[in-house]
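Visitor: predicted model and sequence below, questions to follow.
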2 protein chains.
Amino acid sequence: MGFHDKLNEAWTTSGSMLCVGLDPDPAKMPAAMATDPEGVLEFCLGIVDATAHAVCAFKPQIAYFAALGAEDQLERLCAHVRDRHPRAVLILDAKRGDIGPTAERYAEEAFVRYGADAVTVNPYLGTDSLEPFLAHRGKGVIVLCRTSNPGSGDLQSLTVDGEPLYERVARMARDRWSALGEVALVVGATYPTELAKVRAIVGDMPLLVPGIGAQGGDVDATVSAGRDSRGFGMMINSSRAILYASNGADWAAAAREAAETTRDQIRSVA
Amino acid sequence: MGFHDKLNEAWTTSGSMLCVGLDPDPAKMPAAMATDPEGVLEFCLGIVDATAHAVCAFKPQIAYFAALGAEDQLERLCAHVRDRHPRAVLILDAKRGDIGPTAERYAEEAFVRYGADAVTVNPYLGTDSLEPFLAHRGKGVIVLCRTSNPGSGDLQSLTVDGEPLYERVARMARDRWSALGEVALVVGATYPTELAKVRAIVGDMPLLVPGIGAQGGDVDATVSAGRDSRGFGMMINSSRAILYASNGADWAAAAREAAETTRDQIRSVA
């Protein structure tokens, strides 16, 4: 089953568009937990098991593991998601982008080493930098379009031939990259107007939407702007608001409750 | 000593603008060498020791190590360059780009874990995604501008307000990012006309110039287009043409000869 089919099935069986981002920050983790790589793994496994019933996807952010030298733990976390929660879509958030031969290695990192269903990539290097990812049949290639950070407009909102660059990227995704593989786009919840514009361009293409929770994106505005023709269409990511809902002994239960509340909030709009 | 000073000193003491890219591909490595992570490390150490006298910089490409699960070997390779060849600038080619808190982790990966003097980054997410790298005082932040691959024009050559996007990036580097830290730009040797335009915009800002050797960039055209007011100004990268100069028992000597020849070819133009 390919990325798009797996995602569709995850939406319908879970009834959830919530994606939980796994950005383990030792400084914010539960007070009683070890802050070494094994402690980070234990924390992430606890979050995954507490929230899996309420999500369509999990999204480990590789930078948090790389800074700690915790690649082995990330491999085991990914294996756990695949084995114990096979319905959940596993997204490696890596935002890779490089020339062809190097991109092949990054695709191997994401899809073979970590066994991810999808990976986030950066479009700045152009179509031939995306092709090695798209060549992995059945895998998802989630291209940055309009990111959630305050400075995202510095390049992404520059006007090219009468339209902002991020809209051009959305049209390239629709017209060129979709013909080469299974594509999705990243559009931040912090920009609901832009989210609606991208949705209008790409039809029912899936969108990964970070920026609710700690980044301040509004759930109602996000769902209204971004849902597809069937009422799904998004992986709406929350990381910090769920991971660090409590740093006491109740951290897993607090994460579960935060995930269920967010899932229900999303569902109540749709 | 910061990145710019170290680079200036490397140029003048070595008399070389050659950067050797460390992209170890087990399929192309010397026939007698083990293709596991330890074999990859042994190969890279051999290349480094054979070519260090002829270079201003080494540039390990992290994707080649990540695909093999060879982060530990990459750490040891970086430590070897720092300890044995402290004059050479150590560039981690990672092309990272993410929102602020995540970019902080990537900066830690490059500058703390691997101890690099500089890291390559992608500008698509805007200024606030670069700031966590620039905040590491004395470290170099090498921003993608016009990359060497055939498809680089898909986004980078789009016209924004009458100029191509890559020229806008060069101006942002000069006018905004340089005020925040030690900046350089990536411009491919495969586009000498664009290289000359970038040089005209950024004055004596250092440029990392990949694309000679296997990618086909012309050395004469590159040096003529890209040198700065002092006749230096570039880290001209060659990877495959030096690493795989021979796959027989003479691989280290062949790499040395290829590096010296390329250094001299660059020097003969300047």
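Guide: Good, I have the coordinates. Numbering: from 1, shown residues only, chains lettered A, B, ... in the order given.

Visitor: how far off centre is stretch A:209-224?
Guide: How far stretch A:209-224 lies from its chain's middle: 13 Å, per CA atoms, centre = their mean, to the nearest Å.

Visitor: check which residues of that stretch are buried.
Guide: Of the residues in stretch A:209-224, those buried under the neighbour-count criterion (16 or more other CB atoms under 10 Å in any protein chain shown) are A:209, A:210, A:211, A:212, A:213, A:215, A:217, A:219, A:221, A:222, A:223. C-beta here means a position set from N, CA and C on the backbone, and glycine is covered the same way.

Visitor: mind naming the longest helix for chain A?
Guide: When chain A is parsed with DSSP state H, its longest helix is helix A:251-269.

Visitor: got TSV for the buried residues of stretch A:209-224, with secondary structure too?
Guide: Below are those laid out as TSV (DSSP: H, G, I helix; E, B strand; the rest coil):
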residue	secondary structure
A:209	strand
A:210	coil
A:211	coil
A:212	strand
A:213	helix
A:215	helix
A:217	strand
A:219	helix
A:221	helix
A:222	helix
A:223	helix
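
Visitor: farthest pair within those?
Guide: The largest separation in the buried residues of stretch A:209-224, counting by CB to CB, is between A:215 and A:223 at 15.9 Å.

Visitor: now do the residue lying closest to residue A:93 once chain neighbours are set aside against residue A:70, distance only.
Guide: Distances taken as CB to CB, 6 or more residues apart in numbering or on different chains place residue A:61 nearest to residue A:93, at 4.5 Å, with adjacent residues excluded. In this structure, residue A:61 and residue A:70 are 12 Å apart, going by CB to CB, to the nearest Å.

Visitor: what do you get for residue A:92?
Guide: In this structure, residue A:92 and residue A:70 are 14 Å apart, going by CB to CB.

Visitor: for these two, indicate the residue with more neighbours.
Guide: For residue A:92 and residue A:70, the more surrounded residue by other CB atoms under 10 Å in any protein chain shown is residue A:92, and the numbers stand at 26 against 23.

Visitor: pretty sure the more buried one is in a helix, no?
Guide: No: under three-state DSSP, residue A:92 falls outside any helix and is assigned strand.

Visitor: list the contacts of the closest residue to it other than its chain neighbours.
Guide: The spatially closest residue to residue A:92, leaving aside those adjacent along the chain, is residue A:116, at 3.9 Å (CB to CB, 6+ apart). For residue A:116, the residues meeting the contact criterion (CB atoms under 8 Å, 6 or more residues apart in numbering or on different chains) are A:78, A:90, A:91, A:92, A:110, A:139.

Visitor: neighbour-wise, which of those residues leads?
Guide: With neighbours taken as other CB under 10 Å, the top of the contacts of residue A:116 is residue A:110, carrying 31 neighbours.

Visitor: pretty sure it sits against residue A:93.
Guide: No: counting by CB atoms under 8 Å, residue A:110 does not reach residue A:93; the two are 9.9 Å apart.

Visitor: who touches both of these two?
Guide: Overlap between the neighbourhoods of residue A:110 and residue A:93 consists of residue A:119, taking contacts as CB under 8 Å, 6+ apart.

Visitor: gap between residue A:110 and residue A:104?
Guide: As judged by CB to CB, residue A:110 and residue A:104 stand 11 Å apart.

Visitor: residue numbers of the stretch 151-270 of chain A in contact with chain B?
Guide: A:151-156, A:158-161, A:165, A:168-169, A:172 (CB under 8 Å from any CB of the partner chain).

Visitor: filter these down to just the ones in strands.
Guide: Assignment to strands by DSSP state E places the following of these there: A:159, A:160.

Visitor: quick one: least confident of the residues of the stretch 151-270 of chain A next to chain B?
Guide: Among these, residue A:161 carries the lowest pLDDT, at 89.

Visitor: which one is it nearest to, not counting chain neighbours?
Guide: residue B:159 (6.7 Å).

Visitor: over to residue A:99?
Guide: Closest to residue A:99 by CB to CB, 6+ apart is residue B:149, at 4.1 Å.

Visitor: helix, strand, or coil at residue A:141?
Guide: In terms of secondary structure, residue A:141 is strand; the call rests on three-state DSSP.

Visitor: show me where the stretch 1-150 of chain A has helices.
Guide: Remark: helices of the stretch 1-150 of chain A, listed N- to C-terminal, are A:3-14, A:37-51, A:62-66, A:71-84, A:100-108, A:127-134; assignment by DSSP state H, counting those that start in this stretch.

Visitor: how about the ones you listed in JSON lines, adding distance to chain B and mean pLDDT?
Guide: What follows is those, written out as JSON lines (distance: least, CB to the nearest CB, whole Å; pLDDT from 0 to 100):
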{"stretch": "helix A:3-14", "distance to chain B": "21", "mean pLDDT": "98"}
{"stretch": "helix A:37-51", "distance to chain B": "12", "mean pLDDT": "98"}
{"stretch": "helix A:62-66", "distance to chain B": "4", "mean pLDDT": "98"}
{"stretch": "helix A:71-84", "distance to chain B": "5", "mean pLDDT": "98"}
{"stretch": "helix A:100-108", "distance to chain B": "4", "mean pLDDT": "97"}
{"stretch": "helix A:127-134", "distance to chain B": "4", "mean pLDDT": "98"}
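
Visitor: just those helices: most buried one?
Guide: Among the helices of the stretch 1-150 of chain A, the stretch with the highest mean neighbour count (mean count of other CB atoms under 10 Å in any protein chain shown) is helix A:62-66, at a mean of 26.

Visitor: can you list contacts of that helix?
Guide: By CB under 8 Å, 6+ apart, the residues outside helix A:62-66 that reach it are A:22-25, A:37, A:40, A:71, A:73-74, A:92-94, B:71, B:96, B:98, B:102-103, B:105-106, B:109, B:113.

Visitor: let's go with 7 Å and repeat that
Guide: For helix A:62-66, contacts defined as CB atoms under 7 Å, 6 or more residues apart in numbering or on different chains pick out A:23-25, A:71, A:73-74, A:92-94, B:98, B:102, B:105-106, B:109.

Visitor: can you tell me which two in those residues are farthest apart?
Guide: A:73 and B:98 (19.7 Å).

Visitor: show me where chain A dips below the pLDDT cut-off.
Guide: A:270 (pLDDT under 70).

Visitor: from residue B:110, how far out is residue A:6?
Guide: If you go by CB to CB, the gap between residue A:6 and residue B:110 works out to 33 Å.

Visitor: nope, residue A:197 is what I meant
Guide: 35 Å.

Visitor: do the same with residue A:4
Guide: On the measure of CB to CB, residue A:4 and residue B:110 end up 34 Å apart.
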